[in-house]
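Enquirer: Attaching a predicted model along with its sequence, questions to come.
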Number of protein chains: 4
Amino acid sequence: MKKITPKVVCAWIKQRDDETNKGDYGRVLLIGGNERLGGAIIMAAQGAIHSGAGLVSVATHHVNRSALHARLPEAMFIDSSDTDYLMEVLPQFDAILIGPGLGLDETAQTLLHLVCEHTHAQQRVIVDGDGITLYANGEYPTPDATLIFTPHRKEWERLTHTNTESLDDAKNQDFADELHAIVVLKDHRTRVYIEDDIWQNIYGTPAMATGGMGDTLAGMIAGLLGQLETPKHAVLTAVFLHSYIGETLAKKKYVVLPTEVAEQIPYYLKKFSETDDNPY
Amino acid sequence: MKKITPKVVCAWIKQRDDETNKGDYGRVLLIGGNERLGGAIIMAAQGAIHSGAGLVSVATHHVNRSALHARLPEAMFIDSSDTDYLMEVLPQFDAILIGPGLGLDETAQTLLHLVCEHTHAQQRVIVDGDGITLYANGEYPTPDATLIFTPHRKEWERLTHTNTESLDDAKNQDFADELHAIVVLKDHRTRVYIEDDIWQNIYGTPAMATGGMGDTLAGMIAGLLGQLETPKHAVLTAVFLHSYIGETLAKKKYVVLPTEVAEQIPYYLKKFSETDDNPY
Amino acid sequence: MKKITPKVVCAWIKQRDDETNKGDYGRVLLIGGNERLGGAIIMAAQGAIHSGAGLVSVATHHVNRSALHARLPEAMFIDSSDTDYLMEVLPQFDAILIGPGLGLDETAQTLLHLVCEHTHAQQRVIVDGDGITLYANGEYPTPDATLIFTPHRKEWERLTHTNTESLDDAKNQDFADELHAIVVLKDHRTRVYIEDDIWQNIYGTPAMATGGMGDTLAGMIAGLLGQLETPKHAVLTAVFLHSYIGETLAKKKYVVLPTEVAEQIPYYLKKFSETDDNPY
Amino acid sequence: MKKITPKVVCAWIKQRDDETNKGDYGRVLLIGGNERLGGAIIMAAQGAIHSGAGLVSVATHHVNRSALHARLPEAMFIDSSDTDYLMEVLPQFDAILIGPGLGLDETAQTLLHLVCEHTHAQQRVIVDGDGITLYANGEYPTPDATLIFTPHRKEWERLTHTNTESLDDAKNQDFADELHAIVVLKDHRTRVYIEDDIWQNIYGTPAMATGGMGDTLAGMIAGLLGQLETPKHAVLTAVFLHSYIGETLAKKKYVVLPTEVAEQIPYYLKKFSETDDNPY
């Protein structure tokens, strides 16, 4: 088991080259947010934008447009009921996140099918939250894209159709292989099953135990996928930063809100891009 | 009469255990906010979220969704006209607050009936604002849940069908018993009638005399109910923190807004969780 | 001519008594904001709320509700097309502001008529912006309420049906008498015509020359009317604070936005309530 | 080639005269923001308002009104589908920006036609983003107004119907002449082709490579056009400030968001208005 240390992450966060533009930092699509759960996809979008994604589009129920733009004018809106348009633009994105606040109804299923069927091998797809529950219970084709799941324990049970009590690292690794996916198993000390390695997060705090924290993490992964060298780097860096920032904020706060973690990302990315080890 | 001192409260605010998740910090439902008074339930939600509730859902008129999510993406939205759905999910919540901006019309009455009839003994129900006026004037069954009322003087008059001038602590206590409820009688020095004790708040400032301050307090109680050991601890801690923070902010401000009190909660919870007495 | 000095204003801003509640600090109604100009009434509402008004209601076009509550959950919303409801609640308010973003159409005229006809002698009415233009050109009864106009030069021309070039203090005073009103003539150095006195503002900066600054001032007057001893005190204190805060902020900013002025009000009210003269 | 140095810009940013009002600092109209891209015009509006424009109106799809006012109550809203009204008020504006989030459909084309045909010689028109793509591909009359294009490389290719690889300064200058326009060619080191000069921006950072940065710049140009002595001064000052602020913020942040740049404008305008050279 490898540890996600500051030293490891520092090597992956590069300083940006001068001769670059927003197209070089990832086109990201976030799909989620039904009539009740619009906040989830908004928090994911904040995670992606503050992580430095070049262009972020949000496909969500139209009732969420006003709140999305009131909080994040940087995000572009797509009506998630317009599946024709979504299918048309889908190939343009480097990273696609589906799941935060997606719900479990037929519309949600249609969207997940669309992503599973129509993404291509150069793309990366993150399935989070309700997306995992749907994937666990439905018949979805394995996407050609690099696939990432971000379950918490209960969602992992659903996805593996087993009880987490009976699961150990070897079995989790096997399930990840079976799913042809990178698995981020969220917990007090999150573990990432990737290729033939298991990476353990060494940060995190119960002050982060509040609704939306996972949505923010999923958005951060999406935001970093277009910037870091490999999906592995992006996933591990997101997991690290998310909990490192949370732990830092928790020194002064009893509960840390997801939106507060997101606001700090650019400062920490900067610090870690400039040193070889923990700058704090 | 007992005083709600920092020393007393410090003992109740525990540091969070590492091996916990958002499900351990309370599922809270807030019901209120009609077409005119959406701000009230938004302020209550901010109080609950910043108090550290694990999951906060807001059942309100659909016109309030955009503003709710623009301010608080952490909150989940429920259309308050969808009583079937509300009834279905009601048993899942640890704490239910009804009243802020609820209004007095038939829809409001239906919602209050729903809560009074369908909550169970393991739940806690706070009735605030318009909810109190309705309860005072209607025929609502006493909920099986632990019941908390948060009236100001006028609402207490309505609820007791008497004149507060003629009321003393003994009579208030009797009325609280009759109502089978904890009563938070809001005033310059708020008193809490609970079990066989009367607790007096020793903080508070007229700089807090502004619309929405009570909604925030009600939300804070709801948010702490899922975290602290007993309803008594949650109610007294909320009353204490609300006025303590207000008084602190009032050192620099002539008027303190409810949203400003809410923003400070996590800092104060942290401080009080780490000491035995007033840390300031 | 008298000067509105810090010393004068300090004497009027009292410390709040302990045994008071939100009802003691004014019930304020703000009317304005059509389909295009909702921002104006939102800025007025912020001025009123941050000035410490106890309860603030905003009667505006329903399209403005979401933005109002997203910025100011403390404000209560009234649909301005519901004139029956407005007429019913009108007598309850201590101060009524009509005009910011009101527009000039028939709906706007109906609202101004409603205010002019149905307010009573114990109330205070501020007519600002489009309200002044309408009043100047229409046949509106002089309200029984204490009447305050807040014109800039062009609006004063309309209201007096004359050219400001030809106007001097004596004539302005005469016009104010004729209008049975307090007149706040906004300018680089605003003058207030009140009773038999002319008061000159000695602060203000061209950094405040930006849209919405007058709306904020009008809201501040409304917010202070329910708190200070007399309308004169409220009007002069609002004029003073508005420009004093603007001038202070302009030491670091080339342009000062109305919303920034509003945010500072509670700090300045506090300072001025505690000293006999300029505390800065 | 001339460099846009702090020294050059300082001479252009004047201190405001005391005897001025909002009418002296420009009436600005921003046109853009369709059903998906409302954030773009909101960011442009923030750029214009924080640059000190006296009065800012935003013509956009009506679905964007709530988010616009939630973020910027200072902005006035115009429904972009109401072309009759737009045509009626168009002559009143000093500066018109068209393009951010405009889209490419028929409605967008109608709006661009309206601006190209109905602006007069005393006005200034900035064509940005989708407006450039439309202008490149359609048959639009050259406006009588002073014309400014703000393309990035790809848009410049479209506008010149050539490949930027094959373009040098002389050719760019020729194309600018042909277009009868000032051209701001956005890049790592933006160049401005204006009259017979080429001005090179010496600031900028890849931390600014994120969606919306160009919208903010376009809004800043619009906002300064009504304030500085000539269009040249306004364009060059906006380009300078935008990248100077971005570079300064990037000292602490890995990615700088457009809305963060906008918030800083008033501080930098102030500093540069008070010195002869770089104050930092």
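Expert: It's in. All of these numbers come straight from a predicted model, not from anything done at the bench.
Enquirer: quick one: terminal-to-terminal distance for stretch A:170-185?
Expert: 13 Å (Cα to Cα, to the nearest Å).
Enquirer: Ok, stretch A:10-29 next?
Expert: 26 Å.
Enquirer: Then stretch A:74-82?
Expert: 21 Å.
Enquirer: which parts of that stretch are buried?
Expert: Neighbour counts over stretch A:74-82 (16 or more other Cβ atoms under 10 Å in any protein chain shown) mark A:74, A:75, A:76, A:77, A:78, A:79, A:80 as buried. C-beta here means a position set from N, CA and C on the backbone, and glycine is covered the same way.
Enquirer: OK, contacts around residue A:131?
Expert: By Cβ atoms under 8 Å, 6 or more residues apart in numbering or on different chains, the contact list for residue A:131 reads A:32, A:98, A:99, A:102, A:108, A:112.
Enquirer: Return the subset of these lying in helices.
Expert: Residues of the contacts of residue A:131 located in helices (DSSP state H): A:108, A:112.
Enquirer: Mind putting the buried residues of stretch A:74-82 into TSV with secondary structure?
Expert: TSV is the format used below for the buried residues of stretch A:74-82 (DSSP: H, G, I helix; E, B strand; the rest coil):
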residue	secondary structure
A:74	coil
A:75	coil
A:76	strand
A:77	strand
A:78	strand
A:79	strand
A:80	coil
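Enquirer: Please identify which of those residues is nearest to residue B:218.
Expert: residue A:75 (32.9 Å; Cβ to Cβ).
Enquirer: I'd guessed the closest one sits against residue A:59; true?
Expert: No: using Cβ atoms under 8 Å, residue A:75 is not in contact with residue A:59; the gap is 10.6 Å.
Enquirer: before we move on, the earlier item: just give me the closest of the contacts of residue A:131 to chain B.
Expert: residue A:32 (11.9 Å; Cβ to the nearest Cβ).
Enquirer: What is the neighbour count of the closest one?
Expert: 34 (other Cβ atoms under 10 Å in any protein chain shown).
Enquirer: and what of residue A:271?
Expert: For residue A:271, using other Cβ under 10 Å, the count is 18.
Enquirer: which residues are contacting the strand or helix carrying it?
Expert: Counting by DSSP states H and E, the element that carries residue A:271 is helix A:258-273. Where contact means Cβ under 8 Å, 6+ apart, the residues beyond helix A:258-273 that reach it are A:6, A:9-10, A:13-15, A:43, A:46-47, A:50-52, A:208, A:210-213, A:215-216, A:219-220, A:241-242, A:244-246, A:248-249, A:253, A:279-280, B:73-74, D:250, D:252-257.
Enquirer: Likewise for stretch A:153-170?
Expert: A:1, A:129, A:132-133, A:135-137, A:149, A:151, A:172, A:175, A:179, A:183, A:185-187, A:191, A:193, A:198.
Enquirer: Could you pull up the mean pLDDT of it?
Expert: Average pLDDT, stretch A:153-170: 91.
Enquirer: Which positions in chain A make contact with chain D?
Expert: Contact residues, chain A versus chain D (Cβ under 8 Å from any Cβ of the partner chain): A:13, A:16-22, A:24-25, A:49-56, A:65-70, A:72-79, A:265-267, A:269-270, A:273.
Enquirer: From the residues you listed, list just the buried residues.
Expert: A:13, A:16, A:21-22, A:25, A:49-56, A:65-70, A:72-79, A:265-266, A:269-270, A:273.
Enquirer: what about the helices in chain A?
Expert: A:6-10, A:38-50, A:65-71, A:83-89, A:106-118, A:130-137, A:153-160, A:169-178, A:213-225, A:231-249, A:258-273.
Enquirer: Contact residues of the stretch 101-250 of chain A facing chain C?
Expert: So the stretch 101-250 of chain A never meets chain C (Cβ under 8 Å from any Cβ).
Enquirer: gap between stretch A:216-223 and the chain center?
Expert: Between the centre of stretch A:216-223 and the centre of its chain there are 3 Å (Cα atoms, centre = their mean, to the nearest Å).
Enquirer: now swap in stretch A:193-207 and tell me
Expert: 14 Å.
Enquirer: residues contacting residue A:250?
Expert: Applying Cβ under 8 Å, 6+ apart, the residues near residue A:250 are A:205, A:207, A:208, A:256, B:270.
Enquirer: repeat that with 6 Å
Expert: The neighbours of residue A:250, taking Cβ atoms under 6 Å, 6 or more residues apart in numbering or on different chains as the test, are A:205, A:207, A:256.
Enquirer: wait, isn't the second one in contact with residue A:252?
Expert: No: in this structure, residue A:207 sits apart from residue A:252 without contact. The criterion is Cβ atoms under 6 Å, and the distance is 9.9 Å.
Enquirer: These two - which one has more neighbours?
Expert: A direct count of neighbours by other Cβ under 10 Å for residue A:207 and residue A:252 places residue A:207 higher, at 24 against 12.
Enquirer: how close does the more buried one sit to chain D?
Expert: Separation of residue A:207 from chain D (Cβ to the nearest Cβ, to the nearest Å): 24 Å.
Enquirer: partner residues bridging the closest residue to residue A:192 other than its chain neighbours?
Expert: Leaving aside its sequence neighbours, residue A:192 sits nearest to residue A:199 (Cβ to Cβ, 6 or more residues apart in numbering or on different chains; 4.3 Å). Beta-bridge partners recorded for residue A:199 (DSSP bridges): residue A:2, residue A:192.
Enquirer: Quick check: residue A:199 touching residue A:2?
Expert: Yes: between residue A:199 and residue A:2 a contact is recorded at 4.9 Å, counting by Cβ under 6 Å.
Enquirer: Give me the more crowded residue out of these two.
Expert: Between residue A:199 and residue A:2, counted using other Cβ under 10 Å, the more crowded position is residue A:199 (22 against 12).
Enquirer: residues in contact with the more buried one?
Expert: Contacts of residue A:199 (Cβ under 6 Å, 6+ apart): A:2, A:4, A:192, A:236.
Enquirer: and if you look at residue A:49?
Expert: A:56, A:74.
Enquirer: swap the cut-off to 7 Å and go again
Expert: By Cβ atoms under 7 Å, 6 or more residues apart in numbering or on different chains, the residues touching residue A:49 are A:56, A:72, A:74, A:75, A:223, D:257.
Enquirer: if we take the residues you listed, which one ends up nearest to residue D:230?
Expert: residue D:257 (30.6 Å).
Enquirer: how about residue A:253, phi and psi?
Expert: phi -130, psi 140 (degrees, to the nearest 10).
Enquirer: Could you find the closest non-adjacent residue to it?
Expert: Using Cβ to Cβ, 6+ apart, the nearest residue to residue A:253 is residue B:266, at 3.9 Å.
Enquirer: Could you check how far the one you found is from residue C:169?
Expert: To residue C:169, residue B:266 is 55 Å away according to Cβ to Cβ, to the nearest Å.
Enquirer: ditto for residue A:91
Expert: 72 Å.
Enquirer: again, but for residue A:224
Expert: Distance from residue A:224 to residue C:169, by Cβ to Cβ: 66 Å.
Enquirer: Between the two, which is the more surrounded one?
Expert: The residue with more neighbours, out of residue A:224 and residue C:169, is residue A:224; 30 against 13, by other Cβ under 10 Å.
Enquirer: can I assume residue A:60 is in contact with residue A:38?
Expert: Yes: the criterion here is Cβ atoms under 7 Å, and residue A:60 meets it with residue A:38 at 6.3 Å.
Enquirer: center of chain A - which residue?
Expert: residue A:218 (1.9 Å; Cα atoms, centre = their mean).
Enquirer: list the contacts for it?
Expert: Contacts of residue A:218 (Cβ under 7 Å, 6+ apart): A:44, A:97, A:99, A:100, A:126, A:128, A:150.
Enquirer: if we can go back for a sec, by neighbours, which of the contacts of residue A:131 wins?
Expert: Among the contacts of residue A:131, residue A:32 has the most neighbours (other Cβ under 10 Å), with 34 neighbours.
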